[in-house]
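Asker: Sequence and predicted structure are below.
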Amino acid sequence: MKKFITMMVTILMLVGSGQTIAATQYTITDIGTLGGSYSRAWGINNTGQVVGGSYTTENRTHAFLYDGTTINDLGTLGGDASALGINDNGNIVGNSGEHAFLYDGTAMKDIGTLGGSQSGAYGINNNGQVIGYSQITGNSTIHAFLYDGTVMRDLGTLGGISSQAWGINNSGQVIGKSSTGDSTTHAFLYDGAAMRDLGTLGGSSSYAFGINNNAQVVGSSYTIGDSAIHTFFYDGTIMRDIGTLGGSFSQASSINNNGQIVGYSNMSGDVIQHPFLYDGGNMIDLNTLLPTGSGWWLIGATGINDLGQIVGYGRFNSEEHAFLMTPVPEPTTLALFGLGGLMLRRRIKGCP
């Protein structure tokens, strides 16, 4: 029995290490539209709910919520609207008309501005804290804000005149971009007290777009000499270049709590945008992970949850539609676990 258990552990370790598994494959779901010819997904939570914006039959853009089966129209505050973030409680934020909104499951609420005429919300954490940008009084510039359900707080800048917040984790850490005192733009991390400059990959500017609950940050930065823009991964100490799909440009959109990153990049000699998944040290074109004959050409990956589900947008049936990609178990993995279970049952049955 001991010999068999050792063999089983070895099999499981091989499965876990990826030595017996090819690249993960995915199913893809067309989220559809609200009646028009266009939709884009911008966010996903850990229950698989997806938010974004879609044309209606009148070719106006409305915010939507996809619940796994149906795309639902969230309406607007007046004018066009897009939903850009959703938390695990189903609270949704985005932009409608010229103001940021919070949708609590029943209605859109205008959360106001920092005194100016425009604002927009990009993210919400599980504690209901909302981040985004707003014009300040006089409309001279925009500043990043943090909204706690009652008050919209100005997060300031890194010494320059403007800033925008693009992500927040459940600890209330906020990331985004800010102009600096020397008129460049740098990625920042706000920890509840002050903005911290995350620096660059050697170039003049950088931008942070995603943060997970481990305070790992992703975004993009100019490289030395401003010759290229590459995706960066910041681990709390060092900003690391994770490269491109072969071209001179890549940008991360989101990172989950397992460290998987999605975004988009070009390839060598190609200006066309390709969505990518970065996992385990490898950057992979999402188009190569689709089922054969899917009919899709993916353009952008905008969000990933802790289950590895990915959302974004691409071309399908000659229209641009929002998509949801869901990883499926590899046949090799299932076969190994099935064989192991069968052998274990037989071995146990023969034991005294």
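Answerer: Nice, thanks for sending it over.
Asker: Met108 pairs with what?
Answerer: Tyr103 (DSSP bridges).
Asker: Kindly tell me how buried it is, as a neighbour count.
Answerer: Met108: 22 surrounding residues under other Cβ atoms under 10 Å. No exception for glycine: its C-beta is placed from N, CA and C like everyone else's.
Asker: does it really touch Gly79, like I thought?
Answerer: No: judged on Cβ atoms under 8 Å, Met108 makes no contact with Gly79 at a distance of 12.0 Å.
Asker: How about the secondary structure of the residue lying closest to Gly97 once chain neighbours are set aside?
Answerer: Setting aside the residues directly before and after it, Gly97 is nearest to Gly79 in space (Cβ to Cβ, 6 or more residues apart in numbering), at 3.8 Å. Counting by DSSP: H, G, I helix; E, B strand; the rest coil, the backbone at Gly79 sits in coil.
Asker: How about Met325?
Answerer: Classified using three-state DSSP, Met325 is strand.
Asker: and it, how far is that from Gly308?
Answerer: Distance from Met325 to Gly308, counting by Cβ to Cβ, to the nearest Å: 9 Å.
Asker: between the two, who's got more neighbours?
Answerer: Met325 (26 against 17).
Asker: Which positions are bridged to that one in the beta structure?
Answerer: According to DSSP bridges, beta-bridge pairing links Met325 with Ile28, Ile310.
Asker: do you know how far it is from Gly53?
Answerer: In terms of Cβ to Cβ, Met325 sits 19 Å off from Gly53.
Asker: Skipping adjacent residues, who's closest to Ser119 in space?
Answerer: Distances taken as Cβ to Cβ, 6+ apart place Ser134 nearest to Ser119, at 3.7 Å, with adjacent residues excluded.
Asker: For the one you found, give me phi and psi.
Answerer: When read as degrees, to the nearest 10, the backbone of Ser134 gives phi -150, psi 150.
Asker: for Asn125, same thing?
Answerer: phi -100, psi 180.
Asker: who are the neighbours in contact with it?
Answerer: 87, 168-170, 172 (Cβ atoms under 8 Å, 6 or more residues apart in numbering).
Asker: Buried subset of those residues, written for ChimeraX?
Answerer: Burial among the contacts of Asn125 is assessed by 16 or more other Cβ atoms under 10 Å; the matching ChimeraX selection reads:
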select :87,168,169
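Asker: Point out the ones among the contacts of Asn125 that are inside helices.
Answerer: Members of the contacts of Asn125 lying in helices (criterion: DSSP state H): none.
Asker: With distance to Gly35 and pLDDT added, can I get the contacts of Asn125 in a markdown table?
Answerer: Output for the contacts of Asn125, formatted as a markdown table (distance: Cβ to Cβ, whole Å; pLDDT from 0 to 100):
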| residue | distance to Gly35 | pLDDT |
| --- | --- | --- |
| Asn87 | 27 | 98 |
| Ile168 | 32 | 98 |
| Asn169 | 35 | 98 |
| Asn170 | 35 | 98 |
| Gly172 | 38 | 98 |
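Asker: In the contacts of Asn125, find the pair that's most separated.
Answerer: Asn87 and Gly172 (12.8 Å; Cβ to Cβ).
Asker: in the stretch 1-150 of the chain, which ranges drop under the pLDDT threshold?
Answerer: Counting by pLDDT under 70, the ranges of the stretch 1-150 of the chain that qualify are 1-23.
Asker: show me where it has strands.
Answerer: 25-32, 35-44, 50-56, 61-66, 71-75, 81-86, 92-96, 99-103, 108-110, 115-124, 130-136, 142-147 (DSSP state E, counting those that start in this stretch).
Asker: what's the following helix or strand after the last one?
Answerer: Pointing back at strand 142-147 there. Toward the C-terminus, strand 142-147 is succeeded by strand 152-154 as the next helix or strand (DSSP states H and E).
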